[in-house]
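>>> missing the sequence, but the structure's below:
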Ligand SMILES: [Fe+2]
Ligand SMILES: [Fe+2]
């Protein structure tokens, strides 16, 4: 039975979502941190109320001066992605069965949605302030990019379907975990231990969120393996779209692909990572061992089992050459040619 014209979600799927609400409620305390125990952006920023604030700020900027421009570009792109959080919360609340009907609903799904959003909100906040204080980036251009991105929106092709939605978020949280962690490693390598710590805190949140979405999907696989495996295969066939693909600084039509290229070049998020994530999800959801499915679902199972390896083989070696310029960095040149 079709619930809405724009959706293929069936009433039996909605029953599954409803039936795991209690399970979600029981796990919320371990999947989300208590506010009192959570880190906040100001824990990692100079205390502008402190007597020695000038000294703190000077130290902060000296440390940040060590970051290579290519790392800064990727950090800006990651921050812009995080700052489009209104788009993601709107999207999450559109998933059928997950909707926060009043805006302050006590239902477990609604509490998850608000809890997830409030934790994520710290990511863009912290990175935005970090970048502002470095004094090395064009904040107005970056703010314009965020403005455009939220204005342009994002369609992850999940059709308001919670099965597709939770496959998407499981993938995406793991991808952001990898990305933040790798930026942290590069920061440390450059001598900026403070940013390494910041990226580690953010990556820790992403890891916990990944665990949560994978857990929701694990439960769905238990209750409805035939449709769950179809949803997984469908998302993989349509490819996981990056949430910031419609970013625009008002000047550079290739901004997102240039940002992705730099991220790939410095090893922050690569085609190999994409393949690894597919393999990890296939393992976590024990796709090979799913039983009692047939027809299209069995075909989807076959398709998924070899998919990670196929992506790994296809991960063509991207050749990097030339230089790129970003308005975010006042058009300073980023060299893409490999370092010899
Ligand atoms: Fe995040
Ligand atoms: Fe996240």
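Arrived safely. Source: prediction; values computed, not measured. Ligands and ions are numbered 1, 2, ... in the order given.
>>> so where do the helices sit in the protein?
11-19, 21-31, 53-64, 69-83, 85-94, 108-134, 139-152, 162-190, 193-223, 225-237, 255-265, 271-284, 295-305, 307-314 (DSSP state H).
>>> buried stuff in the last one?
This means helix 307-314. Within helix 307-314, the residues that count as buried by 16 or more other CB atoms under 10 Å are 307, 308, 311. (Each C-beta comes from the backbone N, C-alpha and C, glycine too.)
>>> Direction-wise, compare that helix with helix 225-237 and give the angle.
Angle, helix 307-314 to helix 225-237, by axes from the mean of the first three to the mean of the last three CA atoms, to 10 degrees: 10 degrees.
>>> Leaving out sequence neighbours, find the closest residue to whatever residue of the chain ends up closest to ligand 1.
In the chain, the residue that lies nearest ligand 1 is residue 123 (3.8 Å; CB to the ion). Using CB to CB, 6 or more residues apart in numbering and skipping the chain neighbours, the partner closest in space to residue 123 is residue 82 (4.3 Å).
>>> Next up, the contacts around the closest residue in space to residue 84 that isn't next to it in sequence.
Nearest residue to residue 84 in three dimensions, chain neighbours excluded: residue 149, at 4.8 Å (CB to CB, 6+ apart). Shown in contact with residue 149 (CB atoms under 8 Å, 6 or more residues apart in numbering): 80, 83, 84, 87, 244, 246, 247, 248.
>>> In terms of pLDDT, where does residue 149 sit?
For residue 149, the pLDDT comes out at 98.
>>> Now rank the contacts of residue 149 by neighbours and give me the top one.
Using other CB atoms under 10 Å as the neighbour test, the contacts of residue 149 are led by residue 80, with 28 neighbours.
>>> Might one say that that one is in contact with residue 247?
Yes. Residue 80 is within contact range of residue 247, at 5.7 Å (criterion: CB atoms under 8 Å).
>>> Now for the two: what residues contact both?
Joint contacts of residue 80 and residue 247 (CB under 8 Å, 6+ apart) are 145, 149.
>>> Point out the residues in the stretch 1-150 of the chain that sit beside ligand 1.
Proximity of the stretch 1-150 of the chain to ligand 1, by CB under 5 Å from the ion, involves residues 82, 120, 123.
>>> so what's the nearest residue to the second one once chain neighbours are set aside up against?
Spatially, and ignoring its direct neighbours in sequence, residue 120 is nearest to residue 85 (5.6 Å; CB to CB, 6+ apart). Remark: with contacts taken as CB under 8 Å, 6+ apart, residue 85 is in contact with 117, 120, 121, 124.
>>> Mind doing that once more with 10 Å?
Applying CB atoms under 10 Å, 6 or more residues apart in numbering to residue 85 gives the contacts 116, 117, 118, 120, 121, 123, 124, 125, 150, 243.
>>> per-residue pLDDT, it?
98.
>>> number of nearby residues for residue 164?
Look at residue 164: counted by other CB under 10 Å, it has 23 neighbours.
>>> That one touches residue 155, doesn't it?
No. Using CB atoms under 10 Å, residue 164 is not in contact with residue 155, being 11.9 Å away.
>>> Contact residues of the stretch 151-300 of the chain facing ligand 2?
Residues of the stretch 151-300 of the chain lying near ligand 2 by CB under 5 Å from the ion: 173, 176, 206, 209.
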